[in-house]
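S.K.: predicted coordinates and the sequence they were generated for:
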Amino acid sequence: MSDESTQPAARGSLAETPFAHLVLYLYQHRSTGTLIVTPTVADNAALPAAVSVLFTRGRAVAARVPVRVEPLERALLPLCAVADADFEFHNSDLVGSGAEVVTGMFDPYAFVVESARTHFRLDVVERVLSRYGDSLLRLQSVTDLARFGFNASESKLVELLQAAPSNVDSLCEQSELSASEARRL
């Protein structure tokens, strides 16, 4: 008989479910527990050792990372570019405390936007955009855009989308961002 407290509530691969998507999922479901990300290849430069992230009511609040970096979101951003890793989510605190633990809190939506700027996987961007094809994209009028932390150029692309529904290619053509930056946004 196994101890349920040590069994993961969920598991998967970052190749299939990118880290930024996990952050949003856990936030939207107000999950509490520990996400453990473990490299699946030896000598993984992007992820040299396992990372444990504690979530409380959907927000990342602490992490054990191979190299201590602050603030917390900066310590976790590199995980957004990792594909060669597995993850498990446990409904308990497996991070604990100590000098090696980075603590803090950040807005998950701003985190995802920053990951699209600095730590992204092109395969994920293309996979997400391929779902939309030539469909017209819209912004929900109730969306609080301030929490995304868009810079001036990104805000102009968002304003284009607020003005009228548009497809991805049209938005990229009208944007002052480079095509790759616009596609990531």
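M.R.: Nice, thanks for sending it over. Fair warning: this is a prediction, and the values are worked out from it, not measured in the lab. Residues are numbered from 1 along each chain as shown.

S.K.: residue 37 and residue 85, how far apart?
M.R.: 5 Å (Cβ to Cβ, to the nearest Å). C-beta coordinates here come from the backbone N, C-alpha and C atoms, glycine included.

S.K.: overlap in contacts, those two.
M.R.: Counting by Cβ atoms under 8 Å, 6 or more residues apart in numbering, the shared contacts of residue 37 and residue 85 are 14, 47, 79.

S.K.: pull out the buried residues from stretch 108-126.
M.R.: Neighbour counts over stretch 108-126 (16 or more other Cβ atoms under 10 Å) mark 108-109, 111-116, 119-121, 124-125 as buried.

S.K.: OK, contacts around the residue nearest to the spatial centre of the chain?
M.R.: Of all residues in the chain, the one closest to the mean position by Cα atoms, centre = their mean is residue 20, 1.5 Å from it. Taking Cβ under 8 Å, 6+ apart as the contact definition, residue 20 lies against 80, 111-112, 115.

S.K.: and the next element down the chain from the helix or strand encompassing it?
M.R.: Counting by DSSP states H and E, the element that carries residue 20 is helix 19-28. Downstream of helix 19-28, the first helix or strand assigned by DSSP H and E is strand 33-39.

S.K.: check which residues of that next one are buried.
M.R.: Neighbour-count burial for strand 33-39, with 16+ other Cβ under 10 Å as criterion, is recorded at 33-37, 39.

S.K.: what pairs with it, parallel or antiparallel?
M.R.: Strand pairing for strand 33-39, using DSSP bridges, gives strand 51-56 (antiparallel), strand 85-90 (antiparallel).

S.K.: want to try TSV for these, with mean neighbour count as columns?
M.R.: Written out in TSV, the entries for the strands paired with strand 33-39 read as follows (neighbours: other Cβ atoms under 10 Å):
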stretch	mean neighbour count
strand 51-56	22
strand 85-90	19
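
S.K.: nearest to residue 163 among the ones you listed would be which one?
M.R.: Proximity of these to residue 163 was assessed by Cβ to Cβ; the nearest stretch is strand 51-56, lying at 36.3 Å.

S.K.: by how many degrees do that closest one and helix 19-28 diverge?
M.R.: Angle between the axes of strand 51-56 and helix 19-28 is 20 degrees (criterion: axes from the mean of the first three to the mean of the last three Cα atoms, to 10 degrees).
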